[in-house]
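Novice: Prediction below, plus the sequence it came from.
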Amino acid sequence: GAGVSQSPSNKVTEKGKDVELRCDPISGHTALYWYRQSLGQGLEFLIYFQGNSAPDKSGLPSDRFSAERTGGSVSTLTIQRTQQEDSAVYLCASSFTGGPITTEAFFGQGTRLTVV
Amino acid sequence: QQQVKQSPQSLIVQKGGISIINCAYENTAFDYFPWYQQFPGKGPALLIAIRPDVSEKKEGRFTISFNKSAKQFSLHIMDSQPGDSATYFCAASSGSGYSTLTFGKGTMLLVSP
């Protein structure tokens, strides 16, 4: 696609439910990143994929959070047993990384998650 | 430990004025310093970026000033316009083969007409 696409745009879920957030990166981009944006807290790194593997999961806040990427393209971020503190905007970004070359990261519009 | 500190949190500038946002970093391995602009309901978009081999980079009305010894960099918006009203994030990353960014907490800029 022309840009990074995320779905859904908004998600309201009940505390304790599981949610899945989807990211379609720019075609051909090898690297994919998930960030979380909370009010007044900037953007917090969650996980990075290169192809289908995740060499850096250091930002995942707990074992309730997991992510996968299939076919070197679409990625899904799953939050199990959601808590109110999980409410935030979840942003996905992609970039091309090949050898010494890394392009800028392009962001999607985000998924606003509200846990009630 | 916050690795990129951004100030101010919010800024009001009159149309035509200069907007200045400052960032400081701690990790000397950082070698890429972008600024992102974010409008409400949208994802951040790259505005301008600099690497530490230069002290200044200018693109139109936007200028990054970089001070390697002080580990500080700033964004200057000249002739600020109401359309520049947005949240601005500084960020930093190191050249380890991928570009996971460490972001500042953001500055909400309002340019009054």
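Specialist: Sure thing, it's come through. Numbering: from 1, shown residues only, chains lettered A, B, ... in the order given.
Novice: what about the residue nearest to A:Gln37 when sequence neighbours are not counted, how many residues close to it?
Specialist: Closest residue to A:Gln37 apart from its sequence neighbours, by CB to CB, 6 or more residues apart in numbering or on different chains: A:Val89 at 4.4 Å. To be clear about C-beta, it is placed using only N, CA and C from the backbone, and glycine gets the same treatment. Residues contacting A:Val89 under the criterion other CB atoms under 10 Å in any protein chain shown number 19.
Novice: swap in A:Leu46?
Specialist: Applying other CB under 10 Å, I find that A:Leu46 has 21 neighbouring residues.
Novice: what does chain B put close to chain A?
Specialist: Residues of chain B lying close to chain A (CB under 8 Å from any CB of the partner chain) are B:6, B:9, B:34, B:36, B:41-46, B:49, B:89, B:91, B:95, B:97-106.
Novice: List the ones among these that fall in strands.
Specialist: Among those, the residues falling in strands (DSSP state E) are B:Gln6, B:Pro34, B:Tyr36, B:Ala45, B:Leu46, B:Ala49, B:Phe89, B:Ala91, B:Thr102, B:Phe103.
Novice: what's the spacing between the fifth one and A:Phe107?
Specialist: With the distance defined as CB to CB, to the nearest Å, B:Leu46 ends up 9 Å from A:Phe107.
Novice: Please enumerate the shared neighbours of these two.
Specialist: By CB atoms under 8 Å, 6 or more residues apart in numbering or on different chains, B:Leu46 and A:Phe107 have these common neighbours: B:Tyr36.
Novice: what are the phi and psi values for the residue nearest to A:Gln37?
Specialist: phi -100, psi 130 (degrees, to the nearest 10).
Novice: A:Thr114 is in contact with that one, correct?
Specialist: No: A:Val89 is not in contact with A:Thr114 according to CB atoms under 8 Å; the separation is 10.1 Å.
Novice: re earlier: between B:Leu46 and A:Phe107, point out the one with more neighbours.
Specialist: More crowded of B:Leu46 and A:Phe107, by other CB under 10 Å: A:Phe107, with 24 against 15.
Novice: what bridges to the more buried one?
Specialist: Bridge pairing for A:Phe107 (DSSP bridges) gives the partners A:Ala93.
Novice: right, and it touches A:Leu91 too?
Specialist: Yes: when contacts are counted by CB under 8 Å, A:Phe107 is listed as touching A:Leu91 (5.5 Å).
Novice: Many thanks, have a good one.
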